[in-house]
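>>> Below: sequence and its predicted model.
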Amino acid sequence: QEKLFYADGQLNFVDVRDVVEMIWQMHSKKIYGERFIANGGHTTFKNLFFQIAQRLNKRAPSIKMPASLLAALAMAEEMRSRIAGTEPLITRQSAKLAREFFYYSNEKALHKFNFEFHSLENTLDWCCKQYSGAYTTNI
């Protein structure tokens, strides 16, 4: 929909194919009762939205949303959703998370399963191709 705004934050990402591979290996190797972090890496919201827009031939968001404005919008959206009886599009919690920077280490999973996670670029290529294919019609 070519939104103009993006939040100044980061997120961790993982390709669903990597999650499935980890689950398969855990099952195959009979690994029970252990916890693993499935994390392909991290990127900024700006970079993520830019790369998605590029793959879908859309305009990327170009205006960074100030944290104070994002918090105010979240409060207003929560009020609007209560009045309308709908789920809020953004909450104070999601606005706060959008400003935080954190990274989850995947070292244990890398060593235990001996595989590499898909890169963000590879994941987005695959996802955007699937998305575009699902919404194209042959007329």
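Looks like it arrived, so ask away.
>>> Check which residues of the longest helix that the chain contains are buried.
With secondary structure taken from DSSP state H, the chain has its longest helix at helix 67-84. If you call a residue buried by 16 or more other C-beta atoms under 10 Å, then helix 67-84 has these buried ones: 70, 71, 73, 74, 77, 78. In this view, the C-beta of every residue, glycine as well, is placed from N, C-alpha and C.
>>> for this structure, what are the low-confidence residue spans?
135-139 (pLDDT under 70).
>>> What segments of it are helices?
For the chain, applying DSSP H gives helices covering 16-28, 45-55, 67-84, 92-98, 107-113, 120-134.
>>> Next, format those as CSV and append distance to residue 39.
CSV is the format used below for those (distance: least, C-beta to C-beta, whole Å):
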stretch, distance to residue 39
helix 16-28, 9
helix 45-55, 15
helix 67-84, 25
helix 92-98, 16
helix 107-113, 8
helix 120-134, 12
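>>> List just the one of those helices that sits closest to residue 4.
helix 45-55 (10.6 Å; C-beta to C-beta).
>>> Report the buried residues of the closest one.
For helix 45-55, burial by neighbour count (16+ other C-beta under 10 Å) applies to 45, 46, 48, 49, 50, 51, 53, 55.
>>> I'd say the third one and residue 10 touch.
No - judged on C-beta atoms under 8 Å, residue 48 makes no contact with residue 10 at a distance of 9.1 Å.
>>> between the buried residues of helix 67-84, which is closest to residue 99?
For the buried residues of helix 67-84, the closest approach to residue 99 (C-beta to C-beta) belongs to residue 70, at 7.4 Å.
>>> thought that closest one was touching residue 7?
Yes - contact status for residue 70 versus residue 7: in contact at 6.0 Å, counting by C-beta under 8 Å.
>>> Mutual contacts of those two, please.
Common contacts of residue 70 and residue 7 (C-beta atoms under 8 Å, 6 or more residues apart in numbering): 95, 98, 99.
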